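In: Need the 3D shape of this:
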Amino acid sequence: MEQYFSIALIIISIALVASILLQSKGVGLGGLTGGDTGGVFTARRGIEKTLFYVTIGLGILFIILTLITVVISR
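Out: Below you'll find the predicted structure:
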């Protein structure tokens, strides 16, 4: 059982990293390393809003799976 949760945790973590990297569109490599983009805040619309909510969901799922894995491994 623990093996299934570990595999699910790996898949969720890869998806979470991908969704975070996809949110930094148009900022170039400087934005990925923390450089200032100098842009103005804009409202999230369409796919950006959906990707934002997917990232939040993946983060919550990651935390839940991590806690379940820790509890099961004891």
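
In: hey, which helix or strand in the chain has the poorest pLDDT?
Out: helix 28-32 (a mean of 51; mean pLDDT, DSSP states H and E).

In: Just the mean pLDDT for the helix or strand just after that helix, thanks.
Out: As assigned by DSSP states H and E, the chain's next helix or strand after helix 28-32 is helix 47-73. On average, the pLDDT along helix 47-73 is 93.

In: Tell me how many other residues crowd Gly57.
Out: Neighbourhood size, Gly57 [other C-beta atoms under 10 Å]: 13. No exception for glycine: its C-beta is placed from N, CA and C like everyone else's.

In: List the contacts of it.
Out: Applying C-beta atoms under 8 Å, 6 or more residues apart in numbering to Gly57 gives no contacts.

In: do that again at 10 Å, thanks
Out: Ile12, Leu16, Ser19 (C-beta atoms under 10 Å, 6 or more residues apart in numbering).

In: for the closest residue in space to the second one that isn't next to it in sequence, what are its contacts?
Out: Going back to what we said before, that points to Leu16. In space, and not counting its chain neighbours, Leu16 is closest to Leu58: 4.4 Å by C-beta to C-beta, 6 or more residues apart in numbering. Remark: with contacts taken as C-beta under 10 Å, 6+ apart, Leu58 is in contact with Ile12, Ser13, Ile14, Ala15, Leu16, Val17, Ala18, Ser19, Ile20.

In: Who wins on neighbours among those residues?
Out: With neighbours taken as other C-beta under 10 Å, the top of these is Ile12, carrying 19 neighbours.

In: Around Ser6, how many other residues sit close by?
Out: Close neighbours of Ser6, defined as other C-beta under 10 Å, add up to 14.
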